[in-house]
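Enquirer: From the sequence below, what's the structure:
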Amino acid sequence: MSLPLEGIKVIELGNFIAGPFCGMLLGDMGADVIKVERPKNGDQTRAMPPMVNGQSASFAALNRNKQSLVLDLKQPEAIEILKKLVKESDVFLENNRPGVLEKLGLGAADLKAINPNIVYVSASGFGQTGPHRKRAGVNLIVEAFSGTLSVTGAPGEMPMRPGIQTADIFGALFATYAALSGLISVLKGRGGKVADVSLVEASIAAAAWETAYYLATNDVPERLGNQHRLNTPYQLFETIDKEYLAIGTPNDELFKRFMLALDLGDHLTDQRFSSYVLRKQNEAHLLAIVEPAVSQRSSHELEALLMQAGVPCSRMHNIKEVFEDPHIIDRKVAVDIEHPVMGKMKAVRNPVLFEEGSPTIRLHAPSLGEHSAQILQGLGYTPEQIQSYADQGVVLLHKPIN
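Expert: Residues are numbered from 1 along each chain as shown. Below you'll find the predicted structure:
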């Protein structure tokens, strides 16, 4: 069964999360992704814990369905190899600091001169232009600059860093969107596109409610803790067993069901709670009624009651509970894969399911330079030439050529 991106060749000069996650998503959909790494240590994520048999599980989680080609781009022969690869590729994906690749003759203009149909996607902290273009932009710094941290956490307290890498993942998703849009442009005969994806701007775009609020009112959104910016009740509640239950009532009908389930139906005639807007305006009064009622029930009991009533809710799961949930097991979210060094291990499958031909994990995350010889042979280099390049340090081979 064919995958949507079969026959598409992607070159990834990616490091850490944003570039590699984008490359992985393209690879999951069938693209032939060649990950170009630097000698010695390669992608810096290779050194990140947890380590399994000397291999990084963090690297493995971001770099499946790829081949590893190691080139020393400080040497002209390596640049020549990469440009030869560009001639037969469809997407060039990179998340280096702006200006680095231009100095090597690998900027967008350089590569489009070689292959006009190449889709050139750059993901960086602050984008390719502007006063901050060369400013370091790792995940936390992007979250701080973009305003993400300013609305995360409890009022009056130090902002809380999100528990996942929001800026990197948002950037990776927009980079994937850019790559796919560029491929469609080529398909329609309009030529390759050059995409400039800023992680800061991806985070700003993802803050849809917060930016809309500010741009419409000029009021600065504040941290609200567990409360929602526009709706109530829509937050975490503590139950009698000291667990947390997320409950959301984003319309009048769901609010009615929620109040009836809690035996609080008498308050449905209170005009303060009669509409979406009025409930938010009178949130403190409403929560003073709702929170005590919730706190007298156990999380499992109340979750079951609200689910029966059709009210959106969920106990707060830890990661272990997520993977033990019958629904997640039934959907086969965690799959078994074989890694030549780490052995049998579990991985999270791609979240997209097609009726047929769904993304699969075809290749384990590669060892450093695992496919260098194979890729160069595919470009027409002889074993003798490849070994000579290896001896000069132009390329790194995973093992000697037979």
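
Enquirer: Now stretch 101-114: average pLDDT?
Expert: Here stretch 101-114 scores 97 as its mean pLDDT.

Enquirer: In that stretch, which residues are buried?
Expert: Neighbour counts over stretch 101-114 (16 or more other CB atoms under 10 Å) mark Leu101, Leu106, Gly107, Ala108, Asp110, Leu111, Lys112 as buried. For the C-beta atoms, the positions are set from N, CA and C on the backbone; glycine is no exception.

Enquirer: Now do stretch 347-354: distance from first to last residue.
Expert: End-to-end distance for stretch 347-354: 19 Å, by CA to CA, to the nearest Å.

Enquirer: Please point out which parts of it sit buried.
Expert: Of all the residues in stretch 347-354, those buried under the rule 16+ other CB under 10 Å are Ala347, Arg349, Asn350.

Enquirer: give me the element the last one is part of.
Expert: By that I understand Asn350. Element membership for Asn350 (DSSP states H and E) is empty, with no helix or strand holding it.

Enquirer: how much space between it and Tyr213?
Expert: 34 Å (CB to CB, to the nearest Å).

Enquirer: Repeat that for the second one.
Expert: Here the criterion is CB to CB. By it, Arg349 lies 36 Å from Tyr213.

Enquirer: got it, and the first one?
Expert: Distance of Ala347 to Tyr213, given as CB to CB: 38 Å.

Enquirer: OK, contacts around the residue most central in space within the chain?
Expert: Centrality entry for the chain: nearest residue to the mean C-alpha point is Ile169, 2.7 Å, by CA atoms, centre = their mean. Contacts for Ile169 (CB atoms under 8 Å, 6 or more residues apart in numbering) come out as Ile17, Ala18, Phe21.

Enquirer: quick one: contacts for the closest residue to the first one other than its chain neighbours?
Expert: With CB to CB, 6 or more residues apart in numbering as the measure, Asp168 is the residue that lies nearest to Ile17, at 3.7 Å, once sequence neighbours are left out. Residues near Asp168 by CB under 8 Å, 6+ apart: Phe16, Ile17, Ala18, Phe21, Asn139, Val142, Leu199.

Enquirer: In these, find the pair that's most separated.
Expert: Phe21 and Val142 (14.5 Å; CB to CB).

Enquirer: ok, those two, which is more surrounded?
Expert: Val142 (29 against 23; other CB atoms under 10 Å).

Enquirer: can you redo the buried residues of stretch 347-354 as TSV with pLDDT and distance to Ser298?
Expert: Shown next, in TSV, are those (pLDDT from 0 to 100; distance: CB to CB, whole Å):
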residue	pLDDT	distance to Ser298
Ala347	94	34
Arg349	95	33
Asn350	94	36
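
Enquirer: would you list these in CSV and tack on distance to Ala178?
Expert: Formatted as CSV, these follow (distance: CB to CB, whole Å):
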residue, distance to Ala178
Ala347, 26
Arg349, 24
Asn350, 19
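
Enquirer: With respect to Phe92, which of those residues is nearest?
Expert: Asn350 (22.3 Å).

Enquirer: Isn't that closest one up against Pro359?
Expert: Yes: counting by CB atoms under 8 Å, Asn350 does reach Pro359; the two are 3.8 Å apart.

Enquirer: what's the first-to-last distance across stretch 367-378?
Expert: End-to-end for stretch 367-378, by CA to CA: 19 Å.

Enquirer: next one: stretch 335-355
Expert: 18 Å.

Enquirer: how far does stretch 361-369 sit from the chain's center?
Expert: 19 Å (CA atoms, centre = their mean, to the nearest Å).

Enquirer: buried residues in that stretch?
Expert: Those would be Ile361, Leu363, His364, Ala365, Pro366, Ser367, Leu368, Gly369, for stretch 361-369 by 16+ other CB under 10 Å.
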